[in-house]
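**Q** Pasting a predicted model and its sequence here:
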Amino acid sequence: MRLTVLGGGGFRMPLVYGALLADRGAGRVTEVVLHDLDAGRLSAIARVLADQAAGVPDAPAVSVTRDLDEALRGADFVFSAIRVGGLSGRAADERIALAEGVLGQETVGAGGIAYGLRTVPVVEEVARRIAALAPDAWVINFTNPAGLVTEAMAAHLGGRVIGICDSPVGLGRRVARVLGVDPDTAFFDYAGLNHLGWLRGVRAGGEDVLPRLLADADLLGSFEEGKLFGPEWLATLGAVPNEYLHYYYFNRETVRAYREAEQTRGAFLDAQQARFYARMARADAPALATWDRTRAEREATYMAHNREAAGAGERDGADLESGGYEQVALALMHAIAHDRRTTLILNVRNRGALGLLDADAVVEVPCTVDANGAHPLAAAPLPAHAAALVGAVKAVEREVLAAAATGSRARAVAAFALHPLVDSVAAARRLVDAYTAAHPGLAYLRA
């Protein structure tokens, strides 16, 4: 099979290639095409992949191109992993939001809206090219904000685009580990939107074992989400939220921690990756070793400001293990390519899974996957507080899509103003002004 990766010069590409190298099954990926607009990044990542492949028999062949049409022709699967505006754009998103006193995280709140506004027009054009040049390809979307971007691409590709995220998988595995159950055989009752979901049950051996966790304060406080949210709040909710809900439930504390920090997460990653790619420009740099050191630092500092706000301390070593996006993507490809029925938590069109949203709204829920794609499973209704939050954020996503489709500044203002983490229409207008001044990619927004 031929796999094309859009954004193939991205830092996490070696995780994907490592999963492909470990896959020795029949019908595996034998050809990987890396597409990126930045020749230097492509060269650096290609060198890391070459080091990974050294000594591995029949390693998937790797080629690179900056031509989108060339990359797409003949693809069986396409990974969309682009970052419009780069990490410098993310850093600007965070800085502008925090200056206004609101959250600037890349997928949540004002920062996520800004990122979506400049990303949606780009991914829609990519989707049109895929539909024209590789209409039978399956598209697996890594690009953030994952739910919003998947919904934008689905308008052109229908069910052939599927969004993935490793947050629900990581959450499920951490909870399963604490409960002593096998995560590979348990069923996780999880529902919501991308970065806005709740684990409501864990079925193992014919019973839901999550109530045992929720009733034990010591167990609740022993893993990442318990440390972030606190055992008392999880017991009150009767569910374990996705870690990104910390931005909602503890917004004031998180914004304060972000504003007091020496640098934002985006600024940290921008500087860190600039150092990595600069080192990789030297022909004598040990490619894989340089990448490994950088990745370890990146993972150890993930959501550091949230843990600081919660007093959660350093990340547990078990939470630093790889096996996120790349393993979900590989399982998804296997299920589709070989008609191996499996269940995965994915971002797909709703089709009745969550009764509060329309059929075309992309949601994050368990799905059965086979040769015909991903099929969402019907989910129990969300409690009122969760349903209200999901409805509000989906309305914001729809305003972003409307703004991108029409170029309407008014719709962009509405997206910011209606978000639960932006508390003022006047602030929303200032945010639109500041973001359009910072990002040339938002010049399409008109009065």
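**A** Sure thing, it's come through.
**Q** quick one: contacts of the helix or strand that contains residue 288?
**A** Using DSSP states H and E, residue 288 sits in helix 287-300. For helix 287-300, the external contacting residues (CB atoms under 8 Å, 6 or more residues apart in numbering) are 11, 14, 44, 47-48, 50-52, 269, 272-273, 275-276, 279-280, 314-315, 320. For every residue, glycine as well, the C-beta is placed using N, CA and C.
**Q** hmm, which of those residues are the buried ones?
**A** Taking 16 or more other CB atoms under 10 Å as the criterion, what is buried in the contacts of helix 287-300 is 11, 14, 44, 47-48, 51-52, 269, 272-273, 276, 279-280, 315.
**Q** what's the most distant pair in those residues?
**A** Of all pairs drawn from the buried ones among the contacts of helix 287-300, the one with the longest distance (CB to CB) is 47 and 315, at 28.8 Å.
**Q** quick one on the thing from earlier: in the helix holding residue 288, what's buried?
**A** So for helix 287-300, counting by 16+ other CB under 10 Å, buried means 287, 290-291, 294-295, 298.
**Q** Can I get these in TSV including pLDDT and distance to residue 264?
**A** Supplementary listing: the buried residues of helix 287-300 in TSV, determined by pLDDT from 0 to 100; distance: CB to CB, whole Å:
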residue	pLDDT	distance to residue 264
287	96	28
290	96	24
291	96	23
294	93	18
295	92	20
298	83	14
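**Q** Which member of those residues is positioned nearest residue 129?
**A** Closest to residue 129, out of all of the buried residues of helix 287-300 and judged by CB to CB, is residue 291, at 29.6 Å.
**Q** what about that closest one, distance to residue 170?
**A** Plainly put, residue 291 is 21 Å away from residue 170 if you go by CB to CB, to the nearest Å.
**Q** Where do the strands of the protein begin and end?
**A** Remark: strands assigned in the chain by DSSP state E are 2-6, 31-35, 61-65, 77-80, 138-141, 161-163, 187-193, 196-204, 207-208, 240-241, 342-349, 362-370, 373-376.
**Q** most neighbours per residue, which of those strands?
**A** Highest mean neighbour count of the strands of the chain: strand 161-163, a mean of 28 (counted as mean count of other CB atoms under 10 Å).
**Q** Got the domain ranges for the protein?
**A** 2-163, 168-249, 252-310 (automatic domain parsing).
**Q** how distant is the last one from the center of its chain?
**A** Meaning domain 252-310. On the basis of CA atoms, centre = their mean, to the nearest Å, the separation between the geometric centre of domain 252-310 and that of its chain is 17 Å.
**Q** Pull the contacting residues for the most centrally placed residue in the chain.
**A** Within the chain, the residue whose C-alpha comes closest to the C-alpha centroid is residue 165; the distance, by CA atoms, centre = their mean, is 4.6 Å. Listed by CB under 8 Å, 6+ apart, the contact set of residue 165 reads 146, 194-195, 325, 328, 345, 347, 364.
**Q** quick one on the thing from earlier: quickly, which of the domains of the chain bottoms out on average pLDDT?
**A** Mean pLDDT is lowest for domain 252-310 out of these, coming in at a mean of 87.
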